[in-house]
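In: I need the structure of the sequence given here:
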Amino acid sequence: MPETLAVGLDLTEEQAQIQSTIRDFVKERVAPRAQELDEKAEFPVDIFQGLAELGFLGLSIPEEHGGSGFDTMSVVLVVEELAKACASTALGYAAHISLGLTPIYLFGTKAQREKYVPQLCKGVDDNGKLTLGCFGLTEPGAGSDAGGTKTRAEKKGDHWLVNGRKAWITNPHYSRTCIFTAKTNPNPPKGKGITAFIAELDTPGFKVEPKEDKLGMRSSDTAQLVFEDMKLPLDAVAGGLEQVDVGFAKFMKTLAGGRITIGALALGIAEGAYNKAVEYARQRKQFGKPIGEFQGVAFMIADMAMEIEAAKHLVYNAARLRDAGRDFALAGSYAKLYASEVAMKTCTNAIQVLGGVGYTREYDVERMLRDAKLCEIGEGTSEVQRLVISRTVLGDLRGM
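Out: Here you go, the predicted model:
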């Protein structure tokens, strides 16, 4: 992007190196295949294996736990750069590190961390097979109402018996482990009764449905999970048995962090579409001059630049707050909400700048528009973000 689009916050030497490395990787291995992956709805196994070789699948996990020891800001930079070229790849990466891996590291017992975290950071098994992590919260009847979980886990002597279904799960066909929620108390007090569990996908009774056929993010792996009398040991509770009935709060904290990476995903999509629009506005001529000279196009480009800059500030600020150990939940909602809506607007206007060719699959911007829509839905819709923000600003006025 032009130098005018540069947030006035310097990256550390390590962050700058991460950014440079992922840019080279995207240029060489991701961008050339993005359109083909979308058309074929093909998951890029080799690209993820390449990310594993770079140590990026455990980027923000401390080295003593098998990770690379970087920070949230570094993860944001990787997601952003991937999304400029291929949002599907960026989504799979963000879901693995923010949702499939991080909650096990943050909330698992010592034994659970030792068992799962190093392998998830490595991202491949001893045979080189991809082994990502996935996260199961959403259900067919529990989307924005995530607390309306119907999946049940019943304690039966020395094990849990799990039955239910999860929907819109990212990476399940390429995952080794899943951290998911289930109701463990049929009549719980408010905010209680839901427990987080960790399960391996080859557990009997654990089934992954066929991949969903989606409007956008087509090369991302999305499917439903089905639990049919799945038996789990008692110690499968994330954080140990003392965490029975209180797992929902952990998932809400996980989503708060995930919103930063979805903000980065949306930011990258917007930047990718903006770059295409600027390039086209410079080269395409009508009435004997570049279309960027026409005020209607030039002002559209100006608005894109300004809004992307604002979105970048919000996303980077949320990441820096998290890295500083400060409360980042509200900042994450700001970033996710604003960046996702900027992505949709930018992609729409980029198609307008390109005109008829922007509407065809020959150019990337129509794919970027289809991909951007998910950012307004996943990990808390725009409406949910406005609810979170308004209740934080106003306080909870219900019952007053």
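In: For stretch 175-194, buried residues please.
Out: 175-184, 193-194 (16 or more other Cβ atoms under 10 Å). For every residue, glycine as well, the C-beta is placed using N, CA and C.
In: likewise stretch 58-67?
Out: 58-61, 65-67.
In: can you check stretch 268-280 too?
Out: So, applying 16+ other Cβ under 10 Å, buried residues of stretch 268-280: 268-278, 280.
In: out of these, which are inside helices?
Out: 268-278, 280 (DSSP state H).
In: ok, those residues vs residue 34, which is closest?
Out: Taking Cβ to Cβ as the measure, residue 272 is the one of those closest to residue 34, at 9.3 Å.
In: where's the closest one relative to residue 284, distance?
Out: 18 Å (Cβ to Cβ, to the nearest Å).
In: now swap in residue 306 and tell me
Out: 22 Å.
In: which residues of this structure score low on pLDDT?
Out: 1-9, 190-191, 399-400 (pLDDT under 70).
In: Break it down into its structural domains.
Out: 13-122, 132-245, 250-394 (automatic domain parsing).
In: how long is stretch 281-289 end to end?
Out: Here the two ends of stretch 281-289 are set 10 Å apart, with distance taken as Cα to Cα, to the nearest Å.
In: which of the residues in that stretch are buried?
Out: For stretch 281-289, by 16+ other Cβ under 10 Å, it's residue 281.
In: Show residues contacting that stretch.
Out: 290-292, 294, 297-298, 301, 353-354 (Cβ atoms under 8 Å, 6 or more residues apart in numbering).
In: ok, now stretch 137-146?
Out: 148-151, 164-169, 180-181, 224, 248, 251-252, 255, 380-381, 383-384.
In: List buried residues within the residues you listed.
Out: Here, 16+ other Cβ under 10 Å leaves 149, 151, 164-169, 180-181, 224, 248, 251, 255, 380-381, 384 buried among those.
In: Out of the buried residues of stretch 175-194, which sit inside strands?
Out: Members of the buried residues of stretch 175-194 lying in strands (criterion: DSSP state E): 175-183, 194.
In: can you redo those residues as CSV with distance to residue 92?
Out: As requested, those are exported to CSV (distance: Cβ to Cβ, whole Å):
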residue, distance to residue 92
175, 10
176, 14
177, 15
178, 15
179, 16
180, 18
181, 21
182, 24
183, 28
194, 26
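In: farthest pair in those?
Out: Most distant of those, by Cβ to Cβ, are 176 and 183, 25.0 Å apart.
In: coming back round to it: find the pair from the contacts of stretch 281-289 with maximum spatial separation.
Out: The widest separation within those (Cβ to Cβ) is 15.0 Å, between 298 and 354.
In: Between the two, point out the one with more neighbours.
Out: Neighbour totals were compared for residue 298 and residue 354, and residue 354 leads with 23 against 14 (other Cβ atoms under 10 Å).
In: Next one: residue 146 relative to residue 246, how far apart?
Out: For residue 146 relative to residue 246 (Cβ to Cβ), the value is 15 Å.
In: on that earlier part again, buried ones from the contacts of stretch 281-289, can you make that a PyMOL selection?
Out: To isolate the buried ones among the contacts of stretch 281-289 in PyMOL, judged by 16+ other Cβ under 10 Å, type:
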select buried, resi 291+292+297+301+353+354
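In: and the contacts of stretch 281-289, which of them are in helices?
Out: Using DSSP H, these in helices are 297-298, 301, 353-354.
In: Let's have the residues you listed in a markdown table, adding distance to residue 49.
Out: Formatted as a markdown table, those follow (distance: Cβ to Cβ, whole Å):
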| residue | distance to residue 49 |
| --- | --- |
| 297 | 41 |
| 298 | 43 |
| 301 | 38 |
| 353 | 36 |
| 354 | 34 |
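In: now stretch 240-255: how far from the chain's centre is it?
Out: 20 Å (Cα atoms, centre = their mean, to the nearest Å).
In: Would you mind writing the CA trace of it as PDB?
Out: The C-alpha trace of stretch 240-255 is given here as PDB (Å, rounded to 0.1, in the frame of the first residue of the first chain):
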ATOM      1  CA  GLY A 240      -9.800 -29.700  35.400                       C
ATOM      2  CA  LEU A 241     -13.000 -30.900  37.200                       C
ATOM      3  CA  GLU A 242     -13.200 -27.700  39.300                       C
ATOM      4  CA  GLN A 243     -14.100 -26.000  36.000                       C
ATOM      5  CA  VAL A 244     -17.300 -28.000  35.500                       C
ATOM      6  CA  ASP A 245     -20.200 -25.700  34.800                       C
ATOM      7  CA  VAL A 246     -18.100 -22.500  34.400                       C
ATOM      8  CA  GLY A 247     -16.600 -23.000  30.900                       C
ATOM      9  CA  PHE A 248     -18.800 -20.500  29.100                       C
ATOM     10  CA  ALA A 249     -16.800 -17.600  30.500                       C
ATOM     11  CA  LYS A 250     -13.600 -19.000  29.100                       C
ATOM     12  CA  PHE A 251     -15.100 -19.200  25.600                       C
ATOM     13  CA  MET A 252     -16.300 -15.600  25.900                       C
ATOM     14  CA  LYS A 253     -12.700 -14.600  26.800                       C
ATOM     15  CA  THR A 254     -11.500 -16.600  23.800                       C
ATOM     16  CA  LEU A 255     -13.900 -14.900  21.500                       C
END
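In: Residues in contact with it: which ones?
Out: 98-99, 102-103, 106-107, 109, 135, 137, 146-147, 149, 181, 184-185, 188, 191-197, 234-235, 237-239, 379-380.
In: Only the buried residues of that stretch, if you could.
Out: In stretch 240-255, counting by 16+ other Cβ under 10 Å, buried: 243-248, 250-251, 254-255.
In: Stretch 64-78 too?
Out: Per 16+ other Cβ under 10 Å, stretch 64-78 contains these buried residues: 65-68, 70-78.
In: mind listing which of these are in helices?
Out: Those of the buried residues of stretch 64-78 lying in helices (DSSP H): 72-78.
In: Alright, calling it a day.
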